[in-house]
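# Structure for this input, please:
(one chain, ligands or ions: 1)
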Amino acid sequence: MSDLLAAAGFIAPGDLVIYHGSIPEFHGLYVALPCVCPLCLRMDELGFAVARYDLIDPFGEQAGPFHVRRQSITRSAACA
Ligand SMILES: [Zn+2]
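Numbering: from 1, shown residues only. Modelled structure (predicted):
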């Protein structure tokens, strides 16, 4: 991860992120992975960059929100 990409807000698979989207119960810290639902896989096949993320709770078994918009997460300073 270069400083340039980080400054541009690029989120790489495995980055720690803060979710602050439309579901308050899920707000918090997660590991971000590209969403692999059928819609996103199809978009990938068509050549669109992955724009949605699956969020995984790094501290427990609980699943986080998935198919999350880029605007709903912020890359955490904890992984700088
Ligand atoms: Zn998806």
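# Which residues of this protein lie near the ion?
Residues of the chain that fall close to the ion, judged by C-beta under 5 Å from the ion: 35, 37, 40, 52, 67. Where you see a C-beta, it was placed from the backbone N, CA and C, and this is true even at glycine.
# unless I'm mixing things up, the last one is touching C40, no?
Yes - here H67 reaches C40: they are 7.1 Å apart, a contact under C-beta atoms under 8 Å.
# What's the PyMOL syntax to select whichever of the residues of the chain next to the ion are buried?
Buried members of these, defined by 16 or more other C-beta atoms under 10 Å, are picked up in PyMOL with:
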select buried, resi 35+40+52
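# In helices, which of the residues of the chain next to the ion fall?
Of the positions in these, C40 sit in helices, assigned by DSSP state H.
# what's the closest of the residues of the chain next to the ion to T74?
Using C-beta to C-beta, R52 comes nearest to T74 of the residues of the chain next to the ion, at 15.4 Å.
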